[in-house]
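**Q** Structure of the sequence below:
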Amino acid sequence: FLTFGDYADVTFAPKIYTSGTVTLQFDARKRFHNGKLDISGAYTHDTIKAFPNRGYLFASGALAFKNGYKGSMNLQFVSDGTYFLDHGIGEQERLESFVRLEKTTDKSYFGADILGFRPLRSVIAPQTIPFLMNGISYSRQISSDFAGGQLRFDARQDGLYRASATDIVGRDVARFSATLDWQREWFTRNGVVFGAEAQLNADYYAINQDSTFASPVSRVAPVAAVSLRWPLAKSTSRGTQVIEPILQVVMAPDTVTATPNDDSVLLDFESSNLFSLNRFSGRDVMEAGLRANIGVNYSRRAAMGWTLDASIGRVLRARDLGQFAATSGLSGGASSYVSSLALGLPSRLRLEQRSVFDTAFNVSKSETAVKFHAEKLDVTASYMWLTAGAAANLVNRSEWNVKTGLDLARNWRTESLFRYDLASATASDAGMSLTYRNDCIKVDLSLSRSFVSSSNISASTNIGFQVTLEGFGSRDSSTAGNRKCSDF
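**A** The predicted model follows:
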């Protein structure tokens, strides 16, 4: 542990494995009056690969300028795709680096960034996914009282570039987009809330290396919506209940000009986007057609201290335009139902549940979590079910997870995790750790087992022992029980 003045330090952590592998980890930190810089990484002389010299380097930083602009960066490099898995550092499927400049005011936002990607899995062809992206965005609230409502303008330029020179799979795209959005609400005496929203979207695409599109491609996509909400509340000595039926009618053209689809491939239908004007994950694909989004929200705050929040809803379409796959939950004239539930008990126990199911109660997606949080004990148990095709899932997925954390004594904590794949009836991951920590030092003893194996990943067991000298900027939110260095 080396210090360089009051605002910089470097920590080195050597590791020696029984296989003969030697690793030197390092963390360097520098603090400025207007920002910070953190660099971490490792160099490994490895015995488990044909190429012995391996490692990684991460760098992150932030700067605040006097004119209100803020800069940030996050750079990630690694010697090869399996380094993190081989050494139990993480399960990243890709590295993402960026450099960003932005400024936010009370009525506007400006941002510019450059992003780089590197896939770490052999099943992903690196030449066919974008390795470099750039973006420039500007948003401004033009008026807070335009025709009685809010008028907002958004503009953005995006570019993505692939290494491949092959037609279609090596497509490069530059997109220029603009949106004008107006929203207004009316309130009646009996509590009914009427809402209206109108959007005008315009896009221009410059396309290279894709013969299926004539470059350039331009598109104008208007959309309008009206909504009706009626929150009904009842309060008694036993608590307060609110039930709120919601109806939203969205009007959009049945046909939208086709454009290259790079940011709207994934689709995850759930209660949080039931009333969205566009449920696709990006802008390349616009949801089309006349439709009605219908739902009900319910909440209860009991005098005994427990709380309940629940919602359910679905989408009804005038015509099925074939935009959605059957497994998405959005296909057909009537979508599947989406529901959510959250129950909180005074005993610090919380239940959360989200599902997507059809009229025959065939569930395509279900996530359930039970959480318990006490002063010294944390337990989270969760179950997830996804059918093949739902939320971009390729195969049926059924998984059970358990995570625990226990403060054994002052400065001592143990944690454990277990993940079980019910679809294959095999364990996926298991691990436990014992940690001692105070203001000066952190000692970790860990044992983990990865049961998953594939063509480029082998099942493995890792035993770790790490000593870290704590310095400035390394504190987390859990400082209770920490002792000062002078106490020793």
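
**Q** Wait, Ser433 touches Val443, no?
**A** No: using C-beta atoms under 8 Å as the test, Ser433 is too far from Val443 to be in contact (10.6 Å). C-beta coordinates here come from the backbone N, C-alpha and C atoms, glycine included.

**Q** where do the contact lists of these two overlap?
**A** Common neighbours of Ser433 and Val443, using C-beta atoms under 8 Å, 6 or more residues apart in numbering, do not exist here.

**Q** In the helix or strand bottoming out on mean pLDDT in the chain, which residues are buried?
**A** The weakest-scoring helix or strand in the chain, judged by mean pLDDT, DSSP states H and E, is strand 460-469 (a mean of 76). By neighbour count, and taking 16 or more other C-beta atoms under 10 Å as the criterion, the buried residues in strand 460-469 are 460, 468.

**Q** Who are the packing partners of that strand?
**A** strand 8-16, strand 441-450 (3 or more C-beta pairs under 8 Å, 6 or more residues apart in numbering; DSSP states H and E).

**Q** okay, the angle between the last one and strand 460-469?
**A** Spelled out, that is strand 441-450. With axes from the mean of the first three to the mean of the last three C-alpha atoms, to 10 degrees as the basis, strand 441-450 and strand 460-469 are set at 170 degrees to each other.

**Q** Tell me the strands beside strand 441-450, with direction?
**A** strand 426-437 (antiparallel), strand 460-469 (antiparallel) (DSSP bridges).

**Q** Could you point out which of the helices and strands packed on strand 460-469 sits nearest Tyr56?
**A** strand 8-16 (13.7 Å; C-beta to C-beta).

**Q** List the buried residues of the closest one.
**A** For strand 8-16, by 16+ other C-beta under 10 Å, it's 8-9, 11.

**Q** What are the contacting residues of that strand?
**A** Under C-beta under 8 Å, 6+ apart, the answer for strand 8-16 is 1-4, 22-31, 464, 466-469, 471-472.

**Q** Give the other helices and strands that the helix or strand harbouring Ser416 contacts.
**A** Under the criterion of DSSP states H and E, Ser416 resides in strand 412-421. Counting by 3+ C-beta pairs under 8 Å, 6+ apart, the packing neighbours recorded for strand 412-421 are strand 397-409, strand 426-437.

**Q** low-confidence ranges in the stretch 251-400 of the chain?
**A** Applying pLDDT under 70 to the stretch 251-400 of the chain flags the ranges 389-395.

**Q** For it, which segments count as strands?
**A** Applying DSSP state E, counting those that start in this stretch to the stretch 251-400 of the chain gives strands spanning 291-302, 307-317, 337-344, 349-357, 363-373, 377-386, 397-409.

**Q** between the fifth one and strand 349-357, what angle do the directions make?
**A** Think strand 363-373. Going by the same axes, to 10 degrees, strand 363-373 makes 170 degrees with strand 349-357.

**Q** now do the longest one
**A** Here strand 397-409 points in a direction 170 degrees away from that of strand 349-357 (the same axes, to 10 degrees).

**Q** who's in contact with strand 397-409?
**A** 375-386, 413-423, 428, 481.

**Q** Likewise for stretch 60-79?
**A** Against stretch 60-79 from outside (C-beta under 8 Å, 6+ apart): 32, 34-38, 51, 53-59, 84, 95-105, 118, 120.

**Q** what's the span of that stretch, first residue to last?
**A** 18 Å (C-alpha to C-alpha, to the nearest Å).

**Q** Give me the distance from the least confident helix or strand of the chain to the chain's centre.
**A** How far strand 460-469 lies from its chain's middle: 28 Å, per C-alpha atoms, centre = their mean, to the nearest Å.

**Q** CA atoms of that strand as PDB?
**A** Taking C-alpha atoms only, strand 460-469 is exported to PDB below (Å, rounded to 0.1, in the frame of the first residue of the first chain):
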ATOM      1  CA  SER A 460     -14.400 -24.900 -11.600                       C
ATOM      2  CA  THR A 461     -13.800 -24.400  -7.900                       C
ATOM      3  CA  ASN A 462     -12.100 -21.400  -6.500                       C
ATOM      4  CA  ILE A 463     -10.700 -20.800  -3.100                       C
ATOM      5  CA  GLY A 464      -9.700 -17.200  -2.400                       C
ATOM      6  CA  PHE A 465      -7.900 -15.300   0.300                       C
ATOM      7  CA  GLN A 466      -7.400 -11.600  -0.100                       C
ATOM      8  CA  VAL A 467      -6.100  -8.800   2.100                       C
ATOM      9  CA  THR A 468      -6.900  -5.200   1.200                       C
ATOM     10  CA  LEU A 469      -5.500  -2.100   2.900                       C
END
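
**Q** I am finished for the moment; much appreciated.
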